[in-house]
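my questions concern the predicted model and sequence given below.
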Amino acid sequence: MRPVRSVTDLVGSAGLILPTAIIPLPMNQPTQIHPHTLSNWLPPLILAPTRFELKTIRAELSNLGIPASFDCIGVGPGAVWRWAQSSASTQTARSPAGRTVILAGVAGALDPAFAVGSVRSASMIIGAGSEFSRPSPSYMPPLQSSRTTVIASVDMTCSDSKRKQALRKQTGAGMVDMESAAFAALATERGWNWGVLRAVSDDHATEIPKWMNSLVHNDGSLQVATLATSILFHPSRIARLAAVGASARRALRELSGELAILLTKRHPRRRTLIFGGTFDPPHRRHAEMVAAAAKFLDCDRVVIIPTGHSPLRDGHDAAPNADRLEMARRAFGEVHGAVIDPREMNRSGESFTVDTLREIAGERSANRDDIVLLIGADQALQFDRWKSWREIDHNLATIAIVPRPPLAAAKLATQLAEKFSRLGEDGERWEMAVLPFESVDLSATMVRNRLRANEGISDLVTPAVEDWIRNNGLYA
Ligand code: ATP
């Protein structure tokens, strides 16, 4: 999954058409009540020094259907630190502790046995000052040692074979690059679950001409003017550039294949988002928030569960079950991967989420990390009134919360943290996350009130839901 960057990112895949008034503005990373929860949900982050490397890896992984976020961190150690501070990279550089973050790209071979296209994962990184770091042990499934190597990370391009030889002698490293050491220091500081994967683009004997080094900006983009001038004055360089480009592309294709295997092992995608509600009637924000949450949390299945008789409903008589069910079908029909599950309506007596979650866990042999329960802020703040709420949180589902007025995400997180730490027993850990979505003032009560006042509702519900309400005289 890509990080949420724009409104189209949030709603695009669901194909929803939303009135501007209620479009959620993505903010930044989710606010965690518990620091270990969200890192498990976020897709792995792949960082590459140049845009060329990033584009190639991203295209390959997307062809293979592997979900990941991507960012370009620039060339050389200085660029890595600038990237870490830059506001443009807030989403990725501030990734929470525990997130899988992999630095990937091409490198030079120091080991004569490494041909162009060989892919190795760093077992250790030796920096320019001989400091060394080791990737997080949990970063990968155990790798055969033949698939790993020591990487020497230097400050300046190591492009001639003599220097490569000397570096090999001095460090014993199999590959050389310029970003691993800075990345390792940053990743360790941030507590990421990190690793480095490199593919050989120039072998131990290949000389990279000096003029090539000036073709890429520090930020990883191509120096177009320099390239044009270089080719204009030295047309023979075109052939050399084409050869280097071809080797790099080949190396990156190999690397992407390895990355795909690694990520599939680490991130099996079997996560279900559960969204229950009275949906009396379902309004635009319901569909919008569930679509955005499924995308944000990388859930491949969405189950919408209209409640039966809910003990927490205060006041009004709900529309008949059959109408609420049909309206839910109409409202959530366009949410990617969504199914409507009427089990609570079919149950006699009072309806409790804990029973539903127990059933679902049994049916799917799912554990707590596979199920995400989506609720609004109002429900989150009174979560301790839910039946067996501790069991839900501890055993059955990870809880994701969408802010709702009067509180914005940050304030809501503070209130929840305070409330639940007070309720907590010794050593108890709360694993809830407030999603970084806009707090949107829209409720089913507003829809019903407007209808009673004979006012329009087309900005609050979809046309299909409005048709059903009007044709059946609901909430009149
Ligand atoms: P009512 O106004 O009748 O109380 P509602 O708008 O809260 O209804 P429900 O069907 O009760 O709708 O809500 C289902 C879930 O969606 C609940 O968890 C609720 O908190 C959440 N929800 C509904 N509207 C919003 C919203 N605008 N922002 C965030 N969460 C919401």
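Cool, the structure landed. All of these numbers come straight from a predicted model, not from anything done at the bench. Residues are numbered from 1 along each chain as shown.

tell me the contacts of residue 109?
Listed by Cβ atoms under 8 Å, 6 or more residues apart in numbering, the contact partners of residue 109 are 115, 116, 118, 164, 174, 175, 176, 200, 202, 203, 204. Any C-beta I mention is one placed from the backbone N, CA and C, and that applies to glycine too.

tell me how far the closest residue to residue 355 other than its chain neighbours lies from residue 69.
Taking Cβ to Cβ, 6 or more residues apart in numbering, and ignoring the residues beside it in sequence, residue 355 has residue 347 as its nearest neighbour in space, at 7.7 Å. Using Cβ to Cβ, to the nearest Å, we find residue 347 at a distance of 40 Å from residue 69.

could you identify the helix or strand that succeeds the helix or strand harbouring residue 70?
Using DSSP states H and E, residue 70 falls within strand 69-72. Toward the C-terminal end, the helix or strand that comes next after strand 69-72 (DSSP H and E) is helix 77-85.

gap between that following helix and the chain center?
Averaging C-alpha coordinates over helix 77-85 and over its chain gives two centres that are 22 Å apart (Cα atoms, centre = their mean, to the nearest Å).

make residue 1 into 478 and carry on from there
Sounds good: first residue 478 from here, last item helix 554-562.

now do it: everything it contacts.
526, 548-551, 566, 570, 605, 630, 632, 655-656, 658-660, 663, 695-697.

ok, whichever residue of the chain sits closest to the ligand - how many residues close by?
Here the chain gets closest to the ligand at one residue, residue 853, 2.0 Å apart by Cβ to the nearest ligand atom. Counted with other Cβ atoms under 10 Å, the burial measure for residue 853 works out to 19 neighbours.

hang on, residue 628 in a helix?
No: for residue 628, which was evaluated using DSSP: H, G, I helix; E, B strand; the rest coil, the result is strand, with no helix membership.

for it, give me the pLDDT.
Model confidence at residue 628, expressed as pLDDT, equals 96.

residue contacts, residue 825?
Shown here is residue 825, which makes no contacts under the criterion Cβ under 8 Å, 6+ apart.

per-residue pLDDT, it?
The score at residue 825 is 83. That number is its pLDDT.

from residue 703, how far out is residue 709?
Between residue 709 and residue 703 the computed distance is 11 Å (Cβ to Cβ).

neighbour-wise, which of these two wins?
Taking residue 709 and residue 703 together and counting by other Cβ under 10 Å, residue 703 has the greater number of neighbours (14 against 9).

now that one: which helix or strand?
Secondary-structure assignment from DSSP H and E places residue 703 in helix 701-710.

CA atoms only for that helix, dumped as PDB, please.
Extracted as PDB, the C-alpha positions of helix 701-710 are listed here (Å, rounded to 0.1, in the frame of the first residue of the first chain):
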ATOM      1  CA  VAL A 701      19.100  16.600 -17.300                       C
ATOM      2  CA  ALA A 702      21.200  19.600 -18.500                       C
ATOM      3  CA  THR A 703      24.500  17.900 -17.600                       C
ATOM      4  CA  LEU A 704      23.400  14.800 -19.300                       C
ATOM      5  CA  ALA A 705      22.400  16.700 -22.500                       C
ATOM      6  CA  THR A 706      25.700  18.700 -22.600                       C
ATOM      7  CA  SER A 707      27.700  15.500 -21.900                       C
ATOM      8  CA  ILE A 708      26.100  13.700 -24.800                       C
ATOM      9  CA  LEU A 709      26.300  16.700 -27.100                       C
ATOM     10  CA  PHE A 710      30.000  17.100 -26.700                       C
END
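
show me what that helix is packed against.
Identification of packing neighbours for helix 701-710 by 3 or more Cβ pairs under 8 Å, 6 or more residues apart in numbering; DSSP states H and E yields helix 714-743.

quick one: average pLDDT of the helix it packs on?
84.

and stretch 769-779, by the same measure?
Across stretch 769-779, the average pLDDT comes to 85.

endpoint to endpoint, it covers what distance?
Taking Cα to Cα, to the nearest Å, the first and last residues of stretch 769-779 lie 11 Å apart.

next one: it to chain centre, how far?
How far stretch 769-779 lies from its chain's middle: 10 Å, per Cα atoms, centre = their mean.

same question, stretch 919-934
36 Å.

what of stretch 686-693?
For stretch 686-693, the separation from the chain centroid amounts to 35 Å (computed by Cα atoms, centre = their mean).

now do the buried residues in it.
Residues of stretch 686-693 classed as buried by neighbour count (16 or more other Cβ atoms under 10 Å): 689, 692, 693.

can you check stretch 700-707 too?
Residues of stretch 700-707 classed as buried by neighbour count (16+ other Cβ under 10 Å): 704, 707.

get me the contact residues on the stretch 728-877 of the chain for the ligand.
Applying Cβ under 6 Å from any ligand atom, one finds that the stretch 728-877 of the chain approaches the ligand through 754, 755, 756, 757, 762, 763, 766, 852, 853, 855, 856.

quick check: phi and psi on the first one?
Pointing back at residue 754 there. Reported as degrees, to the nearest 10, the phi and psi values for residue 754 are phi -180, psi 170.

read off the pLDDT value for it.
Per-residue confidence (pLDDT) for residue 754: 95.

what distance do you get for it to residue 882?
When Cβ to Cβ is applied, the distance between residue 754 and residue 882 equals 17 Å.

before we move on, what about the third one?
Taking Cβ to Cβ as the criterion, residue 756 is separated from residue 882 by 20 Å.

looking at residue 754 and residue 882, which one has more neighbours?
residue 754 (21 against 13).

okay, now the domains of this structure?
Using automatic domain parsing, the domain parsing of the chain gives 496-744, 746-948.

where does the chain dip in pLDDT?
Counting by pLDDT under 70, the chain contains low-confidence residues at 478-519, 566-568, 614-623, 742-747, 786-794, 841-846, 901-908.

near residue 564, how many residues? Count them for me, please.
Residue neighbour count, defined by other Cβ under 10 Å, stands at 6 for residue 564.

how about residue 899?
When neighbours are defined as other Cβ under 10 Å, residue 899 has 8 of them.

for residue 893, which residues are in contact?
Counting by Cβ under 8 Å, 6+ apart, residue 893 has contacts 510, 857, 858, 878, 909, 911.

returning to what we had before: does the residue nearest to residue 832 touch residue 785 like I think?
Yes: under the contact definition of Cβ atoms under 8 Å, residue 824 touches residue 785, with a separation of 5.2 Å.
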